[in-house]
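> Generate coordinates for the sequence data below:
(chains A, B, C and D)
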2 protein chains.
Amino acid sequence: MSVDQTQDGQRPAAGRTRIQERNRAAILEAGLAVFSETGFSGATLDRIAREARLSKPNLLYYFPSKEAVHTALLENLLDAWLAPLRALDPAGEPQQEVLAYVRRKLELARDYPRESRLFANEVLRGAPHLSGVLGGELAALVEEKAAVLEGWMEQGRIARMPAKHLVFSIWALTQHYADFETQVRAVLGEGHDPFAEAGEFLDTLFRRLLVAP
Amino acid sequence: MSVDQTQDGQRPAAGRTRIQERNRAAILEAGLAVFSETGFSGATLDRIAREARLSKPNLLYYFPSKEAVHTALLENLLDAWLAPLRALDPAGEPQQEVLAYVRRKLELARDYPRESRLFANEVLRGAPHLSGVLGGELAALVEEKAAVLEGWMEQGRIARMPAKHLVFSIWALTQHYADFETQVRAVLGEGHDPFAEAGEFLDTLFRRLLVAP
DNA sequence: CCTTGATTTGACCAAGCGGTCAAAGCCACG
DNA sequence: CGTGGCTTTGACCGCTTGGTCAAATCAAGG
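So this is what the prediction gives:
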């Protein structure tokens, strides 16, 4: 399941018939599966069309190009991806707010690993389809929340540290379990629940990191 | 510069002439540049050959296929990549050993970002060319070092936590600065030295994480 | 200088790619 | 029931791709 298939950001969704809705959703679902598994270049329209149970020309009837499918997916993704950080409440209890953010971000990685990998693939390549958003919306949001965190630090409610790097550490640690799942499973061996263990471990880690000295 | 260009793991390096040595090195260097930038599927032999200042058939005179170049790179990479963990000394002072490991791993990410991205790309795709190594050599090494860490925990010399996840957290946090450099720079804005700041931050983070309670 | 083997290359190929197009099928509504 | 627009498709196209091959070039020893 995609995080959000009701909008695509390509055009206004005005006047979508049921069949259009269904086929566009099927294409985005198939595109997510294929792009996240093989990356942009490795993905083929034939395979995306096949997984969406459509012919290739039919797919191109709904999206003008391969890139359009990819872009639509990334734009869909972004809101859901940033939601946990948006939810960080300046009026809340600092440590609990951060720990809740970590928890929600890890749940996202656990429940939407394909989205996580799609995003990772894109950023790895230098974010050619996201450069605007990274320097714009994303940077602004982090700026805002970093200010909140720094406020808490100045009040002595959490330990002092570079706020943006605190955010980076949350991204890195949570997405690692989705993006490098192959490696994590290979190292842990059988009989482990990586995300459950990660949940406890990250809770401990950030608890220790945040306590005011 | 590649981490190691003197061996390739394809065949025994017996009887390499100077010209063979030079051309193979040029191909690996070019392959690293291209693969790390575009991923395996996005890379073309033409471009690798061009960057190595060779014709495509000439490149294929030295490596039998595109995959062979890729595999050789990954095998080259692995030793250098695992060296910092190998250097973790069971006889050393626990906290200093871990912090030194973090520092070395971050230096690797800073000095060899292309290698880091090559590796990330491969694991993201499910490590089709590395599955054996992940479950073998890598898993064994982590097993060994996790035992060392757990020994230290039992002696109360560092705080108790799941040792393998401690290793994951080091990988995640250090590689993040190489693999997601685009995002990091977009969020930090101008006038920052991401790796320098990361060095200090990660030192603090792991210091706080490791202190016995 | 000539021979022998290593090296290099232009020309080429089959397969797969993203994308087009005209025609066919389908459906709702008058 | 028929008609007009939405939907679907088989056939096709030009291009790029990984890879081949025979011929040309080069380097070194005798």
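
> After the least confident helix or strand in chain A by mean pLDDT, heading C-terminal, what element do we hit next?
Within chain A, no helix or strand scores below helix A:131-133, which has a mean of 88 by mean pLDDT, DSSP states H and E. With elements assigned by DSSP states H and E, the helix or strand that comes after helix A:131-133 is helix A:139-154.

> Pull the distance from the helix or strand following that following helix to the chain's centre.
As assigned by DSSP H and E, the chain's next helix or strand after helix A:139-154 is helix A:163-179. Here helix A:163-179 is found 11 Å from its chain centre; the criterion is Cα atoms, centre = their mean, to the nearest Å.

> hmm, back to that, list the buried residues in the least confident helix or strand of chain A.
Residues A:Val133 are the ones in helix A:131-133 that count as buried (16 or more other Cβ atoms under 10 Å in any protein chain shown). From N, CA and C alone the C-beta is placed, and that goes for glycine too.

> roughly how far out does that helix sit from the chain middle?
Relative to its parent chain, helix A:131-133 has a centroid offset of 15 Å by Cα atoms, centre = their mean.

> Name the residues that touch it?
The contact list for helix A:131-133, computed with Cβ atoms under 8 Å, 6 or more residues apart in numbering or on different chains, reads A:78, B:182, B:186.

> and the residues you listed as TSV, adding neighbour count, pLDDT and secondary structure?
Output for those, formatted as TSV (neighbours: other Cβ atoms under 10 Å in any protein chain shown; pLDDT from 0 to 100; DSSP: H, G, I helix; E, B strand; the rest coil):
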residue	neighbour count	pLDDT	secondary structure
A:Leu78	18	92	helix
B:Thr182	19	97	helix
B:Ala186	21	97	helix
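
> from those, which single one is nearest DNA strand C?
The shortest approach to DNA strand C among the contacts of helix A:131-133 belongs to A:Leu78, at 22.1 Å (Cβ to the nearest atom of the strand).

> Nearest spatial neighbour of that closest one, chain-adjacent residues omitted?
Here the nearest residue to A:Leu78 in space, its sequence neighbours aside, is A:Val133; by Cβ to Cβ, 6 or more residues apart in numbering or on different chains that works out to 6.3 Å.

> Check A:Leu106 too.
Distances taken as Cβ to Cβ, 6+ apart place A:Thr174 nearest to A:Leu106, at 4.5 Å, with adjacent residues excluded.

> How about the contacts made by the one you found?
Taking Cβ under 8 Å, 6+ apart, we find A:Thr174 in contact with A:102, A:105-106, A:108-109, A:198, A:202.

> Recalculate using a threshold of 10 Å.
Listed by Cβ atoms under 10 Å, 6 or more residues apart in numbering or on different chains, the contact set of A:Thr174 reads A:84, A:101-110, A:116, A:195, A:198-199, A:202, B:172.

> from those residues, which would you call buried?
The neighbour count (16+ other Cβ under 10 Å) marks A:84, A:101-106, A:108-110, A:116, A:195, A:198-199, A:202, B:172 as buried among the contacts of A:Thr174.

> how many neighbours does A:Glu21 have?
For A:Glu21, the neighbour count with other Cβ atoms under 10 Å in any protein chain shown is 13.

> With A:Ala25 instead?
When neighbours are defined as other Cβ under 10 Å, A:Ala25 has 15 of them.

> That one is in contact with A:Ala52, isn't it?
Yes: the criterion here is Cβ atoms under 10 Å, and A:Ala25 meets it with A:Ala52 at 9.1 Å.

> name the element the residue nearest in space to the middle of chain A belongs to?
By Cα atoms, centre = their mean, the mean C-alpha position of chain A lies nearest to A:Trp81, the distance being 4.1 Å. Element membership for A:Trp81 (DSSP H and E) is helix A:66-86.

> I'd like to know which residues of chain A are adjacent to DNA strand D.
Contacts of chain A with DNA strand D, taken as Cβ under 7 Å from any atom of the strand, map to A:17, A:19-20, A:23, A:54-58, A:61.

> Just the buried residues from the residues you listed, in PyMOL please.
Command for PyMOL that selects the buried part of those, burial taken from 16+ other Cβ under 10 Å:
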select buried, chain A and resi 23+54
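
> farthest-separated two in the residues of chain A next to DNA strand D?
A:Thr17 and A:Lys56 (21.3 Å; Cβ to Cβ).

> now the helix ranked longest in chain A and helix B:18-42, what's the angle there?
Ranked by number of residues, the top helix in chain A under DSSP state H is helix A:18-42. Between helix A:18-42 and helix B:18-42, the angle comes out at 170 degrees (axes from the mean of the first three to the mean of the last three Cα atoms, to 10 degrees).

> Tell me the residue of chain A that sits nearest DNA strand D?
Per Cβ to the nearest atom of the strand, A:Pro57 is where chain A lies closest to DNA strand D, at 3.2 Å.

> separation between the residue lying closest to A:Leu210 once chain neighbours are set aside and chain B?
Excluding the flanking residues, the one nearest A:Leu210 by Cβ to Cβ, 6+ apart is A:Ile158, at 4.6 Å. A:Ile158 is 12 Å from chain B, where distance means Cβ to the nearest Cβ, to the nearest Å.

> my guess is A:Ile158 contacts A:Leu166, does it?
Yes: taking contacts as Cβ under 10 Å, A:Ile158 lies within contact range of A:Leu166: 9.0 Å.

> This completes my enquiry, with thanks.
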